[in-house]
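Engineer: sequence plus predicted model, see below.
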Amino acid sequence: MQFRPGNVVRRMGHAPLPVLSPRTLRRALRGSTAVMVAFPVVRPAIVPAILRAARFEDAVVGFSLPLPLVDRAAPDRLADQLLAAAGEADHTQPIFIEAGPIPVTPDDAQLEAGIFRCIEAGCTLISLDLTRHPEVPPEALARLLEPVRELDLALELVLPLSGPPPATGPLRRTLDGLGEVGALPDFLRFSPSVVSAVDGFEPDWLQLLRQVTDSYDIGLSLVEPSEEALADVRPWVEGALGKVTLPGAFLARALGEAGEVDRDELVERALAMETSLGALLSLIEEKLPPLSENEALRLEARAFGDAQDLFRAMRLAGSGRRVVEMLEAEARA
């Protein structure tokens, strides 16, 4: 437990749940073909199913929390649900909790408050989106990221990536500027469109992007919005990514068991709030019609099967033991 970040210790006390930074996990999984995956907390009934599948496969598992700027209480509320479910199940496989991406704006106070709420909630990866305001000086960004680095949390950045194919020159210049002030991210987040042509995924374009990030020791992090995540993620796993976030995972399952929910209305609300449908469902879950016992059991059973398939597709089976053994070796050294 000595490898848990300080914000996790403050949040959980002496509870033995191994919530770790993806910086630590990435180091432990280096050399393997495993790709870390982060699931949305779309409904509480799904969380125990994902954790159970992680235990069955001995897999590292991540959870993504929606934007704190949309709902200030969301990180705390969803983290409480997640940690409670993991604690009740005596979960021992490593977990990480990511938050964001938080849009970077010229308003330092608002951004700083958003980062602080994520840290206080026990998140171990902070994702920032610079696509709308790439002019924010690297020095200002580095100052805002000081608590992230002090706690050894992971940093993920969404940078403006022109393409396809991805323009590597501007990306290198941006990363050079961030490196000069100690603000290089652990992960660079991108969407499938950056490395996809009209006919679909282009492996050479992904490798072009990897050549850049590998030279800075940065992992590639894909956000795959499709609800058919298993079918769509497999090609990316072959590209040796560091992490995949699946905001659409289990969405069809959750909406299918959500009672009288108007999907079109939710889509319109998500677009108006400039967030994903999965994030919106997480935020308004308490206002949805409650699931019956049979609905909750059916949702959990289906989510378990989906999560198990995803862990296998991501080559995460056995990754929990690999991480634990590496940390034990470091502790003895």
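Structural biologist: It's in.
Engineer: which residues of the stretch 201-333 of the chain fall in helices?
Structural biologist: Using DSSP state H, counting those that start in this stretch, the helices of the stretch 201-333 of the chain run over 203-215, 229-238, 251-256, 263-273, 277-284, 293-313, 319-332.
Engineer: tell me, which of those is the model least confident about?
Structural biologist: By mean pLDDT, the lowest-scoring of the helices of the stretch 201-333 of the chain turns out to be helix 277-284, with a mean of 62.
Engineer: pLDDT weak spots in the stretch 101-250 of the chain?
Structural biologist: The stretch 101-250 of the chain contains residues with pLDDT under 70 at 163-164, 197-200, 225-234, 239.
Engineer: so which residues of it form strands?
Structural biologist: Applying DSSP state E, counting those that start in this stretch to the stretch 101-250 of the chain gives strands spanning 125-129, 154-158, 187-190, 196-197, 200-201, 219-223, 243-245.
Engineer: tabulate the ones you listed in a markdown table, adding columns for distance to residue 19 and mean neighbour count.
Structural biologist: In this view, the C-beta of every residue, glycine as well, is placed from N, C-alpha and C. Below are the strands of the stretch 101-250 of the chain laid out as a markdown table (distance: least, CB to CB, whole Å; neighbours: other CB atoms under 10 Å):
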| stretch | distance to residue 19 | mean neighbour count |
| --- | --- | --- |
| strand 125-129 | 11 | 25 |
| strand 154-158 | 12 | 25 |
| strand 187-190 | 18 | 24 |
| strand 196-197 | 34 | 14 |
| strand 200-201 | 33 | 12 |
| strand 219-223 | 19 | 25 |
| strand 243-245 | 16 | 26 |
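Engineer: same list (those) but as TSV, adding distance to residue 327.
Structural biologist: Formatted as TSV, these follow (distance: least, CB to CB, whole Å):
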stretch	distance to residue 327
strand 125-129	18
strand 154-158	16
strand 187-190	20
strand 196-197	37
strand 200-201	35
strand 219-223	19
strand 243-245	19
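Engineer: so which of those is nearest residue 79?
Structural biologist: strand 125-129 (12.8 Å; CB to CB).
Engineer: run the chain-centre distance for that closest one.
Structural biologist: 9 Å (CA atoms, centre = their mean, to the nearest Å).
Engineer: neighbouring strands of it in the sheet, and parallel or not?
Structural biologist: Partners of strand 125-129 in the sheet, by DSSP bridges, are strand 95-103 (parallel), strand 154-158 (parallel).
Engineer: in a markdown table: the ones you listed, plus distance to residue 83.
Structural biologist: Below are the strands paired with strand 125-129 laid out as a markdown table (distance: least, CB to CB, whole Å):
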| stretch | distance to residue 83 |
| --- | --- |
| strand 95-103 | 9 |
| strand 154-158 | 18 |
